[in-house]
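S.K.: here's a sequence, model it:
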Amino acid sequence: MHQKLDSVKTDVATARLDLADVALRVKAWALELGFAKAAITGTDLSHAEAGLQAWLDAGYHGEMDYMARHGLKRARPAELVPGTRSVVSVFLPYRPPAVASSEAVMADGEKAHISRYALGRDYHKVLRNRLQTLADRLAAHIGPFGHRVFVDSAPVLEVELAKQAGLGWRGKHTLLINRDYGSYFFLGELFTDLPLPSDPPEQNEHCGRCTKCLDVCPTQAIVAPYTVDARRCISYLTIELKGAIPVEFRSMIGNRVYGCDDCQLCCPWNRFAVDTAESDFHVRHGLDDITLAELFAWSEADFQSRMAGSAIYRIGYDRWLRNLAVGLGNAPGTPAVLAALASRQESDDAILNEHVQWALAQHAVRQPVDKAPD
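M.R.: Have a look, this model is predicted:
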């Protein structure tokens, strides 16, 4: 998926290129390939190093050891991939058309809310393949050049690169926001050994005094503007965390069983968000409006077949059931919910069993409230 960046193209050969023309072509080709935006930046992210180190020192990365392992290399593209001289940053909207209302789904405690980016096919493959096609097209035009493609992979400060390329600004929830597209999009990068001219960075952060994303976070994971403690974040707890979900956060998770969109749902800039034109991101298997009990009844074979090609597949069946058990513990005590929990209360998986027992205990405590008056 990449051509080694080891001065494949010498400075002499590069000097023969009209780099301004190459940059214009790359950005135009990116749009032809379906990306909504494309821009170019250099590799100097030294301004982000202190903040990154402080975040790591605070332990906000939780069990994501790879973030600490790579350390400041995340802020040094030319160190991460030697020979890198410029980065093409792109984004692609993901919100599916005609998707069920997140607010309505979360308001119905018997349903499962899945982060809207994960309702279709795995974005990693979609964007990676498209970025590689972009690199191949450029190679066909100028000859071999050193490059590497990244999509939410390896230690890349993708939001900082996109901001520096002028694609938007970092919101207080730490996601990139674009004036014309809001924040419902995926980012990707093409590292190159070509000294392409950079686009002007986004100079202003247009969040102003708004703190809606901080205020709405169910677990108060946004501990300060532009700072997220992953250990409290529902996306981390339901996706990255491999063991038991801390009891203190379980009730706060509600029916969010994979990721969390709350900080985006409340963002005023997302009134400008657009639906994706990419069919791979359209809803599969009715996951935008489905009950917790129905998902909890899936066998492992069901999970593997229906989630194949989905970002959800990565967490595995056991973690999926763990998340659903928490959702069922927070759900109304209907016969369907209680029957679903009872069906797995003798699970051989210790972590799942503990979460199911917790969920049943929640209903035992709330039973008088759940029951309708005679």
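S.K.: now the strand or helix carrying residue 136 - C-alpha only, CSV.
M.R.: For residue 136, the host element (DSSP states H and E) is helix 123-142. C-alpha atoms of helix 123-142 as CSV (Å, rounded to 0.1, in the frame of the first residue of the first chain):
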residue,chain,number,x,y,z
TYR,A,123,-14.2,3.4,6.6
HIS,A,124,-10.6,2.4,7.0
LYS,A,125,-10.7,0.3,3.8
VAL,A,126,-12.9,2.7,1.8
LEU,A,127,-10.6,5.7,2.4
ARG,A,128,-7.4,3.8,2.2
ASN,A,129,-8.2,2.3,-1.1
ARG,A,130,-9.2,5.7,-2.5
LEU,A,131,-6.1,7.4,-1.2
GLN,A,132,-4.0,4.7,-2.8
THR,A,133,-5.8,5.2,-6.1
LEU,A,134,-4.9,8.9,-5.7
ALA,A,135,-1.2,8.0,-5.2
ASP,A,136,-1.3,5.7,-8.2
ARG,A,137,-2.7,8.4,-10.4
LEU,A,138,0.0,10.8,-9.3
ALA,A,139,2.7,8.2,-9.9
ALA,A,140,1.3,7.7,-13.4
HIS,A,141,1.6,11.4,-14.0
ILE,A,142,5.1,12.1,-12.6
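S.K.: so which elements touch that helix?
M.R.: helix 19-32, strand 86-93, strand 147-150, strand 185-192 (3 or more CB pairs under 8 Å, 6 or more residues apart in numbering; DSSP states H and E). For the C-beta atoms, the positions are set from N, CA and C on the backbone; glycine is no exception.
S.K.: between the next helix or strand after the longest one and strand 185-192, how big is the angle?
M.R.: For helix 19-32, the succeeding helix or strand toward the C-terminus, using DSSP H and E, is strand 37-41. Relative orientation of strand 37-41 versus strand 185-192 (axes from the mean of the first three to the mean of the last three CA atoms, to 10 degrees): 40 degrees.
S.K.: and the next helix or strand past strand 37-41?
M.R.: Taking DSSP H and E, what comes next after strand 37-41 is helix 49-57.
S.K.: got the contact list for that next one?
M.R.: 61, 67-68, 71-72, 74-75, 157, 226-227 (CB atoms under 8 Å, 6 or more residues apart in numbering).
S.K.: and if we set it to 7 Å?
M.R.: Contact with helix 49-57 is made by 67-68, 72, 74-75, 227, as judged by CB atoms under 7 Å, 6 or more residues apart in numbering.
S.K.: mean confidence for the one helix or strand residue 163 maps to?
M.R.: Element membership of residue 163, judged by DSSP H and E, is helix 158-164. The pLDDT scores in helix 158-164 average 97.
S.K.: just after it, pick out the following helix or strand.
M.R.: Downstream of helix 158-164, the next assigned helix or strand under DSSP H and E is strand 169-170.
S.K.: show me what the helix or strand following that following strand is packed up against.
M.R.: Going down the chain from strand 169-170, the next helix or strand is strand 176-177, by DSSP H and E. Packing contacts for strand 176-177, counted by 3 or more CB pairs under 7 Å, 6 or more residues apart in numbering; DSSP states H and E, involve helix 158-164.
S.K.: picking that back up, out of the contacts of helix 49-57, which sit inside helices?
M.R.: Taking DSSP state H as the definition of helices, the contacts of helix 49-57 contribute 67-68.
S.K.: would you write out the PyMOL command that picks the buried residues out of the contacts of helix 49-57?
M.R.: Buried subset of the contacts of helix 49-57, written as a PyMOL selection, criterion 16 or more other CB atoms under 10 Å:
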select buried, resi 67+72+74+75+227
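S.K.: please render the contacts of helix 49-57 as CSV that adds distance to residue 309 to the earlier fields.
M.R.: As requested, the contacts of helix 49-57 are exported to CSV (distance: CB to CB, whole Å):
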residue, distance to residue 309
67, 27
68, 31
72, 35
74, 28
75, 33
227, 34
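S.K.: please identify which pair of the contacts of helix 49-57 lies farthest apart.
M.R.: In terms of CB to CB, the contacts of helix 49-57 reach their longest pairwise distance at 72 and 227, which sit 17.6 Å apart.
S.K.: now residue 273: closest residue in space that isn't a chain neighbour?
M.R.: residue 182 (3.5 Å; CB to CB, 6 or more residues apart in numbering).
S.K.: I meant residue 353, not that one.
M.R.: residue 347 (4.5 Å).
S.K.: just give me the neighbour total for that neighbour.
M.R.: Here the number of neighbours of residue 347 (other CB atoms under 10 Å) works out to 17.
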